[in-house]
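Colleague: 3D, please:
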Amino acid sequence: MTLTVWFSLFTICLLGAMSPGPSLAVVAKHSLAGGRSNGFVTAWAHALGIGIYAFITLIGLAVVLQQSPLLFKTIAYAGAAYLAYLGVNALRSKGGVAAKLESGEQTTLMQSAREGFFISILSPKIALFFIALFSQFIAIGSDVASKSIIVLTPLIVDGLWYTLITFLLSSPKLIDKIRNQAQLIDRLSGIILILLALRVVFTV
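Modeller: Numbering: from 1, shown residues only. The predicted structure is shown next:
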């Protein structure tokens, strides 16, 4: 794989990671409610899901999903249901930023890892991303080294991007300001997650 091809892959992966959506909402929630460690765990569990998508796309999932609309719809609806579940909980502040800050309850690292992983592995947006854009690089990666780069690049880019987000959101000055607006943040994130779920249902 040439440097030019890798840079194209890197750019697409970075743009994909930077696009706002449910992943950002979940990483932000755990960074704010649990602290920097929880944000890091959420970020890299999410990146693991991205790496798994990259790997299974590499071994042929793109072809399977293109030939089996039912399978893709099943993944899409499961993702929509999970988004709606997170959105409703945020609206009720059940497990949201406000509830955690008010009760002093600490979100466990396992909870952060679980939500980070599932929000990536159940996301139809990510599935579409790999099928439509990422799969074009599969033909280039014929040797083991190229295949490893194709899988590791989106994983590392995604993890580093959300690590940066965690650093920004978990700064002490920002946390103090957010404490007073925690319930509003929950309401907004809940509405966004539910709207994203509805968009998935009506566009699949």
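Colleague: Just the buried positions in the longest helix seen in the chain, please.
Modeller: When the chain is parsed with DSSP state H, its longest helix is helix 144-169. For helix 144-169, the neighbour count (16 or more other C-beta atoms under 10 Å) marks 146-147, 149-151, 153-159, 161-163, 165-166, 169 as buried. Bear in mind the C-beta positions are built from the backbone N, C-alpha and C, glycine included.
Colleague: what is the mean pLDDT for it?
Modeller: For helix 144-169, the mean pLDDT works out to 88.
Colleague: What segments of this structure are strands?
Modeller: Counting by DSSP state E, the chain forms no strands at all.
Colleague: Helices along that one, start to end?
Modeller: Under the criterion DSSP H, helices of the chain are mapped to 3-18, 22-34, 36-58, 61-67, 69-91, 97-103, 109-121, 124-132, 144-169, 172-179, 182-203.
Colleague: what about residue 15, how many neighbours?
Modeller: 12 (other C-beta atoms under 10 Å).
Colleague: Distance-wise, check it relative to residue 74.
Modeller: Counting by C-beta to C-beta, to the nearest Å, the gap from residue 15 to residue 74 is 27 Å.
Colleague: do residue 2 as well
Modeller: As for residue 2, its distance to residue 74 is 38 Å (criterion: C-beta to C-beta).
Colleague: likewise residue 199?
Modeller: Distance of residue 199 to residue 74, given as C-beta to C-beta: 18 Å.
Colleague: again, but for residue 163
Modeller: From residue 163 to residue 74 the distance is 32 Å (C-beta to C-beta).
Colleague: ditto for residue 92
Modeller: On the measure of C-beta to C-beta, residue 92 and residue 74 end up 27 Å apart.
Colleague: list the contacts for the spatially most central residue of the chain?
Modeller: Compute the mean C-alpha point of the chain, and by C-alpha atoms, centre = their mean the closest residue is residue 23, 3.3 Å away. For residue 23, the contacting residues are 46, 119, 120, 123, 162, by C-beta atoms under 8 Å, 6 or more residues apart in numbering.
Colleague: Please say which of residue 2 and residue 74 ends up with more neighbours.
Modeller: Ranked by neighbour count (other C-beta under 10 Å), residue 2 and residue 74 place residue 74 first, with 12 against 9.
Colleague: pLDDT score assigned to the more buried one?
Modeller: pLDDT, residue 74: 78.
Colleague: same question, residue 33
Modeller: Looking at residue 33, its pLDDT is 73.
Colleague: just checking, it touches residue 107?
Modeller: Yes. Counting by C-beta atoms under 8 Å, residue 107 is a contact partner of residue 33 at 5.4 Å.
Colleague: Neighbour count for those two, which is higher?
Modeller: Using other C-beta under 10 Å as the criterion, residue 33 and residue 107 rank with residue 33 on top: 25 against 21.
Colleague: any idea how far the more buried one lies from residue 57?
Modeller: From residue 33 across to residue 57, the span is 32 Å (C-beta to C-beta).
Colleague: What is the least confident helix or strand in the chain?
Modeller: Here the helix or strand of the chain ranked lowest by mean pLDDT, DSSP states H and E is helix 97-103, holding a mean of 53.
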